[in-house]
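Colleague: next input, structure requested:
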Amino acid sequence: MPQAKQRTTVQMILAQFRSLIVLLLAAATAI
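Modeller: Okay, the predicted model is just below:
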């Protein structure tokens, strides 16, 4: 059970990183 929980947290962190990268790319293109 704990392994599945850890996996979901990792997926959440990856999703946050992805959104952050998208925001950075959008800012770079806006400049």
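
Colleague: give me the low-pLDDT residue ranges for this structure?
Modeller: Scanning the chain for pLDDT under 70 picks out the ranges 1-2.

Colleague: and the strands in this structure?
Modeller: Taking DSSP state E, the chain contains no strands at all.

Colleague: any idea how far residue 20 is from residue 10?
Modeller: 15 Å (CB to CB, to the nearest Å). C-beta coordinates here come from the backbone N, C-alpha and C atoms, glycine included.

Colleague: all helices of this structure, in order?
Modeller: Under the criterion DSSP state H, helices of the chain are mapped to 2-30.

Colleague: ok, residue 24 to residue 30 distance?
Modeller: Residue 24 is 11 Å from residue 30, by CB to CB.

Colleague: give me the more crowded residue out of these two.
Modeller: residue 24 (10 against 6; other CB atoms under 10 Å).

Colleague: distance of the more buried one relative to residue 12?
Modeller: 19 Å.

Colleague: swap in residue 19?
Modeller: Taken as CB to CB, the span from residue 19 to residue 12 is 11 Å.
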